[in-house]
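1. with the input below, show me the fold.
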Amino acid sequence: MEKSSPITKEDVLKIATLAKLSLSADEVSLYQSQFVKILDSIAELSRLNVENVPPTSSVLGIKNALREDQASPFDNMNALIDNAPEKDGPYFKVPKIIE
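-> Residues are numbered from 1 along each chain as shown. Next up is the predicted model:
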């Protein structure tokens with residue numbers, strides 16, 4: 001006797017409806033088998049003993065590679081303003097978005 005699938009074709013169609021997808025009958029069968037494989041993989045992972053495994057945020061061992069922010073003077077504001085699509089004196093001119 002064949003084991004029943006934990007994911008039915010109706011489940012796949014419901015998920016497709018929620019995702020606003022229309023699936024052919026072949027796609028429903030394909031996705032049903034793929035969902036079963038995914039659930040089997042998750043079940044296999046949940047059976048692993050990870051009691052003595054420390055939490056890991058990155059396997060690469062990279063620490064924060066960003067530098068500290070450092071304020072520094074900028075003397076060429078006109079170069080910035082000259083690149084603006086629209087300007088009003090020393091300011092950028094932007095469309096009004098609040099009524």
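2. tell me where the longest helix sits in this structure.
-> Longest helix in the chain by number of residues (criterion: DSSP state H): helix 25-46.
3. tabulate the CA atom coordinates of whichever helix or strand comes after that one in PDB.
-> Of the helices and strands lying after helix 25-46 in sequence (DSSP states H and E), the nearest is helix 77-82. The C-alpha coordinates for helix 77-82 follow below in PDB (Å, rounded to 0.1, in the frame of the first residue of the first chain):
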ATOM      1  CA  MET A  77      28.500  72.400  -1.900                       C
ATOM      2  CA  ASN A  78      28.100  74.200  -5.300                       C
ATOM      3  CA  ALA A  79      29.300  71.100  -7.100                       C
ATOM      4  CA  LEU A  80      26.500  69.200  -5.400                       C
ATOM      5  CA  ILE A  81      23.800  71.800  -6.200                       C
ATOM      6  CA  ASP A  82      25.000  72.100  -9.800                       C
END
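4. residue ranges in this structure under the pLDDT threshold?
-> Along the chain, the model assigns pLDDT under 70 to residues 1-5.
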